[in-house]
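Participant: Dropping a prediction and its sequence here:
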Amino acid sequence: EAGDYFIRNLKPWGPLEEHELRPVPVPEKSAAARLQVQKKESEILLTRLDTLLGSRGVFFLLDEKGDALPTLKWAERFSSWRDQSLPAVAFVIGSSLGFSDEVRKRARGKFALGPQTLSHELARVVLLEQIYRALSVVHGHPYHNEGE
């Protein structure tokens, strides 16, 4: 419900689509099996991203080793993407197996929601809230209060 709240509130500022891919079952916990599943998930993810983003869209990974930005820096990024006339920007929350090297190579960058690992459901809510907060700054909405 919390994520849906932010999606509803983001609608006046532009289109937002959410796509969830089902994880590929991991038949066993061996390193080889996990690598095969990660490869299959990567193929599915990259195919979907290519379809959704086209040749000019970009995607970023949510990764605990990515850039942890304060809200005003997120807002600067959104403004920059608008100024670059990017037709689409996607944020990807990975499966429990993480991202393959191929996905990491094709991503435009990585963002962190903090140093901790979050469940997918919680990461979704935190990401959507941060997008809403950053776009509220971009659009001059009073939601974000920077404080001192």
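Facilitator: Happy to help now that I have it. Source: prediction; values computed, not measured. Numbers count the residues shown, from 1 in each chain.
Participant: While we're on Arg82, how confident is the model there?
Facilitator: In this prediction, Arg82 carries a pLDDT score of 94.
Participant: what do you get for Thr117?
Facilitator: 87.
Participant: Run a quick neighbour tally on it.
Facilitator: Other residues near Thr117 number 10, with proximity taken as other CB atoms under 10 Å. (C-beta placed from N, C-alpha, C; glycine too.)
Participant: What ranges does this protein have for its helices?
Facilitator: Along the chain, counting by DSSP state H, helices occupy 2-10, 31-53, 71-83, 101-106, 120-138.
Participant: roughly how far is the third one from the heart of the chain?
Facilitator: Just to be clear, that refers to helix 71-83. Helix 71-83 has its C-alpha centroid displaced from the chain centroid by 15 Å (CA atoms, centre = their mean, to the nearest Å).
Participant: Against which helices or strands is it packed?
Facilitator: Using 3 or more CB pairs under 8 Å, 6 or more residues apart in numbering; DSSP states H and E as the contact test, the elements touching helix 71-83 are helix 120-138.
Participant: ok, 10 Å please
Facilitator: Of the remaining helices and strands, those touching helix 71-83 by 3 or more CB pairs under 10 Å, 6 or more residues apart in numbering; DSSP states H and E are strand 58-67, strand 89-93, strand 109-111, helix 120-138.
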